[in-house]
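Novice: need a structure here:
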Amino acid sequence: MPKVLVFGSNGFVGGYLAKEFSSCGYQVMGCDRGETSRYVSVTQYESVDVCDAFCVESVIERSKPDAIVNLAAISSVSQSWSMPAAAFQVNVVGAINIFEAMRKHCPDSKILIVGSSEEYAASDDPLTEESPIDASSPYGISKIAQENIAEVYTKRFDLKVYRTRSFNHIGVGQAPNFVIPSWCQQAAEISRSGKPGVMKIGNLSVYRDFSDVRDVVRAYRMLIESDFSGEVFNIGAGKSYPLSEILEVIVSMSEQSIDVMVDPSLLRPVDNERICSDCSKARRCFGWEPQIDITDSLSAVFESYSNLNACC
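Specialist: Numbering: from 1, shown residues only. I've put the predicted structure just below:
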């Protein structure tokens, strides 16, 4: 049975990724900063901070996995503005620690690193892997640096590094500091309250590309099983949704009337107006395309808060 080692396994995506790999015949080993695993699909677990080079090397030396997926990250753009040094420490230095350990102890293993649509320069057109790179946030810049480091280890040490630039993905269990779970949580609380309420929102004038996390982790598994190491692939819906329409759908799920109020603290210093993926390369090269409709994703997240159960 092949073994996959997942750094950042306790995070939102980690549980879905573990389930995806486990259902496809992998033994899943997880690493995160918590003392125990949050997810049953992780059959082995160790408490490891990706920024601790010694601990990262130790776990890779002992486990010698067939594949590694690095999900450990400061993954919020807004959080990266409040703690930019930490974003670089986790997203860049953490990745270097993994690459170094692989180079020494399992150079024939595969590794997938997760980049972001935030790496791209602003554009009204769908973004391809050849679109200009010009990040406008500490998070996006850290992901560009991570990707550049990955390319160095691919060329210098012949590591099998698989790279994505992933667009927004949503699902049950995502932290409420992200826009969709924040809105769903607020709308569900108002609905349960039995009386009208007010939702706090940020910038509604932007367009975003949202995929279901279950589609995204399927892409990650399919990519790392492919022969396309050394290349980068967009993973997204291929559609750009106006946040104003997303909000309308979520508000319509509430049994109570809802007013909205712009909260200045939710506005970013810089915000790209439109982000949309072109994922034709992934479809062409390893046969992936999203399958889950966004309305189903939004309904699942809203219902998780309606049922007071916001974990996957």
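
Novice: by contact count, what packs against the helix or strand harbouring residue 245?
Specialist: Secondary structure from DSSP states H and E places residue 245 in helix 243-252. On a contact count with 3 or more Cβ pairs under 8 Å, 6 or more residues apart in numbering; DSSP states H and E, helix 243-252 meets helix 179-193, strand 207-208, strand 258-262, helix 294-306. The C-beta positions use only the backbone N, C-alpha and C, and glycine is treated the same way.

Novice: could those go into a markdown table alongside mean pLDDT and distance to residue 99?
Specialist: Listed next are the helices and strands packed on helix 243-252 as a markdown table, based on pLDDT from 0 to 100; distance: least, Cβ to Cβ, whole Å:
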| stretch | mean pLDDT | distance to residue 99 |
| --- | --- | --- |
| helix 179-193 | 96 | 32 |
| strand 207-208 | 93 | 31 |
| strand 258-262 | 91 | 42 |
| helix 294-306 | 97 | 33 |
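
Novice: Looking at those, which is nearest to residue 40?
Specialist: helix 294-306 (17.8 Å; Cβ to Cβ).

Novice: Would you mind listing the buried residues in the closest one?
Specialist: Across helix 294-306, burial judged by 16 or more other Cβ atoms under 10 Å covers 294, 297-302, 304-306.

Novice: Reformat those into TSV and put distance to residue 12 next to each item.
Specialist: As requested, those are exported to TSV (distance: Cβ to Cβ, whole Å):
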residue	distance to residue 12
294	17
297	13
298	16
299	18
300	13
301	11
302	17
304	12
305	15
306	19
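
Novice: Let me know the closest of those residues to residue 47.
Specialist: Using Cβ to Cβ, residue 304 comes nearest to residue 47 of these, at 27.1 Å.

Novice: Quick check: that closest one touching residue 176?
Specialist: No - the pair residue 304 / residue 176 is not scored as a contact, 11.0 Å apart, by Cβ atoms under 8 Å.

Novice: and the next element down the chain from whichever strand or helix holds residue 95?
Specialist: Following DSSP H and E, one finds residue 95 within helix 94-105. The helix or strand immediately downstream of helix 94-105 is strand 110-116, counting by DSSP H and E.

Novice: Go ahead and produce PDB holding the CA coordinates of that following strand.
Specialist: Output of strand 110-116 as PDB, limited to C-alpha atoms (Å, rounded to 0.1, in the frame of the first residue of the first chain):
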ATOM      1  CA  LYS A 110       6.900  12.700  -5.200                       C
ATOM      2  CA  ILE A 111       5.700  16.000  -3.700                       C
ATOM      3  CA  LEU A 112       2.800  18.300  -4.500                       C
ATOM      4  CA  ILE A 113       2.900  21.900  -3.400                       C
ATOM      5  CA  VAL A 114      -0.100  24.200  -3.500                       C
ATOM      6  CA  GLY A 115       0.200  27.600  -5.000                       C
ATOM      7  CA  SER A 116      -2.500  30.200  -5.500                       C
END
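
Novice: centre of the chain versus that strand, how much separation?
Specialist: Distance of strand 110-116 from the chain centroid (Cα atoms, centre = their mean, to the nearest Å) equals 10 Å.

Novice: Could you tell me which strands sit next to it in the sheet, and their orientation?
Specialist: Here strand 110-116 has these sheet partners by DSSP bridges: strand 67-70 (parallel), strand 160-166 (parallel).

Novice: Helix 94-105 and the longest one, what's the angle between them?
Specialist: Here the directions of strand 160-166 and helix 94-105 differ by 160 degrees (axes from the mean of the first three to the mean of the last three Cα atoms, to 10 degrees).

Novice: following strand 160-166, which helix or strand comes up?
Specialist: Heading C-terminal from strand 160-166 (DSSP H and E), you reach strand 168-170.

Novice: just to revisit the earlier point, any buried residues in the helix holding residue 245, and which?
Specialist: So helix 243-252, judged by 16+ other Cβ under 10 Å, has buried residues 243, 246-247, 249-251.

Novice: relative to strand 258-262, how tilted is that helix?
Specialist: Interaxial angle of helix 243-252 relative to strand 258-262 (the same axes, to 10 degrees): 140 degrees.

Novice: Export helix 243-252 to CSV, keeping only CA atoms.
Specialist: Presented in CSV, the C-alpha positions along helix 243-252 are these (Å, rounded to 0.1, in the frame of the first residue of the first chain):
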residue,chain,number,x,y,z
LEU,A,243,-19.9,38.0,-5.0
SER,A,244,-23.1,40.0,-5.0
GLU,A,245,-24.8,37.0,-6.7
ILE,A,246,-23.2,34.5,-4.2
LEU,A,247,-24.5,36.7,-1.4
GLU,A,248,-28.1,36.6,-2.9
VAL,A,249,-28.0,32.8,-3.0
ILE,A,250,-26.9,32.5,0.6
VAL,A,251,-29.4,35.1,1.9
SER,A,252,-32.2,33.3,0.1
